[in-house]
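1. Pasting a predicted model and its sequence here:
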Amino acid sequence: MRSLLGLVLVIGCGGEKQDSSIECGEGTYLDGETCVANMASDESGTSGDGSSYGDGGTDDEADGGMDDEADGGTDEETDTADNTSPEGTPDIDIIPAVPTTYDDLDCLLLRGATDPDEDPVHYTFSWAVDGEVFTESTTWIAAESTEPDQEWTCTITPADGSASGTANSASVTIFNSAPTAPEVRISPAVPTVDSDLYCEVTGESFDAEGDSINYTYRWTKDGVETDITDATVPASATEVPNEWTCTVTPNDGWVDGPSSTATIALTACQSLYFDGTDDRVVIPADPALDIGNDPSARRTIEGWYLSDSTAAQVMVAKPGEVAGTSGQDYSVYLHDSTSSFNWATAYAGIDSCTNFRVSRPEVGEWHHFAVTLTADSSESGTKEVYIDGNLAGACDYTGKNPATTEYEMVLGGTQEDGVPVTVDHFAGYLSEIRISSTVRYTADFTPETRLTSDDDTIALWRLSEGMGSTATDSSSHGHDGEIQGATWVTECPE
């Protein structure tokens, strides 16, 4: 471990100087033309205050103490009167020349002063930081004492024991390199209105000094600064269309590095197009999707659709079974011959309400539908149909089919005995299909183009992913569907 004592370089000047050679004093050694101090403790003759006095004794000791009597005075009086201070300015340097906070600072005496009286010359070291005197008087400064952008100055003063010569100083500035710019991206690559946006550092910043890097985040929405300072923008903060830019700035604890940005656009919203021939979405069977003969069932099935055909076509179907006969637990479909919108809870008509009909909306336009069911018993209850937020009709039913979990749920078509039927496939666009375990509407309302998932949501298929073959359930229940044939399009309700 390095001594923190103020080590002193001593140059002896006895005899005539030849070719300006340097004779290094005790505690130092000659390296080329430079006197280098040995790392020593106080035992080497070095004082703790950064100074040393050459031969370690007085002139009185050198001549046996007789000079005082011979000349009637002391050597001190004579030496002081006749003494000439050291001449020449010390040549000094600090290494390394470009230090960082990980480097010790060493102050070197490259060439010393000379003393006309041939007295030994000793050197005192002192340090200042940003112009303020540093408390340690040593030949070196420990790295942990430094901070970036500080200016450290070492001053070396020569003296011969009686008088000081001309001091010289050298300075260095503690260097800190800024971290490099990181590499960033926003995911997912194709976001939907249901996607959180995550700003991800894919390539870390580099810091030459090895400092730890921290990152700060800023987001702009359509060029306007937001108050979001996290790496994630929640889906609830996005809309369509939007352009989001994430700016990531690295910092090494001292200074910011250059920022990097990534931008992503939520373009025109997406929906799923069904060709009316064989396209559909199949959701695995689950009792949670059934209604059956639950005596206390409460349901709302809703969504957006645009039909471009007057043919019969099924939008939502959950096949069921009665006494071994294939049927429907429930279905929502458009009928051709009756030009009706149907909300069915039985395969065959038990009464006029089990397959309840209201007028079919206009073809070629986006419409919101919501059908509700409130069970009074296992076979009776009330049903309502809302079109574009307006109550289109209500009825009381006296029977409905029990469900089985053997059959899958289907969007855009149906099946019998577990086999897809070849007729009544939906022709058009579907978006935002939600099933809820409560009756959400009891009066006219304004439909939302973007539905939300809450504690009453059984399933929510936004049908807005824009890519892939999975219709993701945006609830927490995992009722993801397999897309069979239907295609993504940039068309959706406004």
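-> Here it is on my side, so go on. Residues are numbered from 1 along each chain as shown.

2. Touching stretch 201-220 from outside, list them.
-> Outside stretch 201-220, the residues that touch it by Cβ atoms under 8 Å, 6 or more residues apart in numbering are 100-102, 176-177, 179-185, 199, 225-226, 228-231, 233, 244-254, 257. Glycine gets a C-beta too; all of them are placed from N, C-alpha and C.

3. wait, I meant stretch 478-486
-> Counting by Cβ under 8 Å, 6+ apart, the neighbours of stretch 478-486 from elsewhere in the structure are 272-275, 277-284, 286, 288-289, 409, 411-412, 458-459, 461, 468-473.

4. now with 6 Å?
-> Residues external to stretch 478-486 that are found in contact with it (Cβ atoms under 6 Å, 6 or more residues apart in numbering): 272, 274, 278-283, 459, 469-473.

5. Quickly name whichever of those residues is closest to P191.
-> Within the contacts of stretch 478-486, the smallest distance to P191 is 12.8 Å, found for T472 (Cβ to Cβ).

6. distance of the residue lying closest to the closest one once chain neighbours are set aside from L272?
-> Spatial nearest neighbour of T472, excluding adjacent residues (Cβ to Cβ, 6 or more residues apart in numbering): D480 at 5.5 Å. As defined by Cβ to Cβ, to the nearest Å, D480 lies at a distance of 14 Å from L272.

7. between these two, which one's more packed in?
-> It is L272, of D480 and L272, that has more neighbours when counted by other Cβ atoms under 10 Å, with 29 against 15.

8. Please look at the more buried one and E465 and confirm they touch.
-> No - between L272 and E465 there is no contact, the gap being 8.8 Å when judged by Cβ atoms under 6 Å.

9. For stretch 426-434, list the C-alpha coordinates in CSV.
-> The C-alpha coordinates for stretch 426-434 follow below in CSV (Å, rounded to 0.1, in the frame of the first residue of the first chain):
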residue,chain,number,x,y,z
PHE,A,426,-70.2,-14.6,-42.2
ALA,A,427,-69.4,-12.3,-45.1
GLY,A,428,-67.8,-9.0,-43.9
TYR,A,429,-65.9,-7.6,-41.0
LEU,A,430,-65.9,-8.4,-37.3
SER,A,431,-64.3,-6.3,-34.5
GLU,A,432,-64.4,-6.1,-30.7
ILE,A,433,-66.4,-9.1,-29.7
ARG,A,434,-67.0,-9.3,-26.0
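
10. For burial, what's the neighbour tally of P447?
-> Using other Cβ under 10 Å, P447 has 21 neighbouring residues.

11. burial count for the residue nearest to it when sequence neighbours are not counted?
-> By the measure of Cβ to Cβ, 6+ apart, the closest residue to P447 outside its immediate chain neighbours is H368, 3.7 Å from it. Residues lying near H368 (other Cβ under 10 Å) number 23.

12. likewise the one 4 residues further on?
-> Counted by other Cβ under 10 Å, the residues lying close to T372 total 23.

13. Equivalent analysis for the one 5 residues further on, please.
-> Counted by other Cβ under 10 Å, the residues lying close to S377 total 11.

14. The chain - how does it break down into domains?
-> The domain map for the chain lists 10-173, 183-266, 271-489, with the assignment taken from automatic domain parsing.

15. which stretch in those has the least confidence?
-> Mean pLDDT is lowest for domain 10-173 out of those, coming in at a mean of 70.

16. for this structure, what spans make up the helices?
-> In the chain, helices defined by DSSP state H lie at 59-62, 67-71, 75-82, listed in chain order.

17. quick one on the thing from earlier: deepest of the domains of the chain, which one?
-> For these, the largest average neighbour count (mean count of other Cβ atoms under 10 Å) is found in domain 271-489, namely a mean of 19.

18. Just the terminal-to-terminal distance for it.
-> Distance across domain 271-489, first residue to last, is 6 Å (Cα to Cα, to the nearest Å).

19. Quickly list what C154 is bridged to.
-> Per DSSP bridges, residues listed as beta-bridge partners of C154: W127, A170.

20. now swap in the one 4 residues further on and tell me
-> Beta-bridge pairing for P158 (DSSP bridges): Y123.

21. Now do the contacts for it.
-> Shown in contact with P158 (Cβ under 6 Å, 6+ apart): P86, P90, A113, V121, Y123, G165.

22. Which ones among those map onto strands?
-> Using DSSP state E, V121, Y123 are the members of the contacts of P158 that sit in strands.

23. need the contacts of P158 in a markdown table with distance to V358, can you?
-> Shown next, in a markdown table, are those (distance: Cβ to Cβ, whole Å):
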| residue | distance to V358 |
| --- | --- |
| P86 | 111 |
| P90 | 103 |
| A113 | 109 |
| V121 | 111 |
| Y123 | 104 |
| G165 | 109 |
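
24. Spatially nearest residue to the spatially most central residue of the chain (excluding sequence neighbours)?
-> Nearest to the mean C-alpha position of the chain, counting by Cα atoms, centre = their mean, stands A231 at 4.3 Å. Distances taken as Cβ to Cβ, 6+ apart place C199 nearest to A231, at 4.9 Å, with adjacent residues excluded.

25. mind listing what that neighbour touches?
-> Listed by Cβ under 6 Å, 6+ apart, the contact set of C199 reads I186, Y217, A231, C246.

26. That one pairs with what?
-> Beta-bridge pairing for C199 (DSSP bridges): I186.

27. End to end on stretch 266-273, go ahead and measure it.
-> Its first and final residues considered, stretch 266-273 spans 19 Å by Cα to Cα.

28. swap in stretch 447-460?
-> 15 Å.

29. For W254, which non-adjacent residue is spatially closest?
-> Taking Cβ to Cβ, 6+ apart as the measure, W254 lies nearest to P148, with 4.6 Å between them; neighbours along the chain are not counted.

30. The one you found touches A178, doesn't it?
-> No - taking Cβ under 6 Å as the definition, P148 is not a contact partner of A178, at 10.0 Å.
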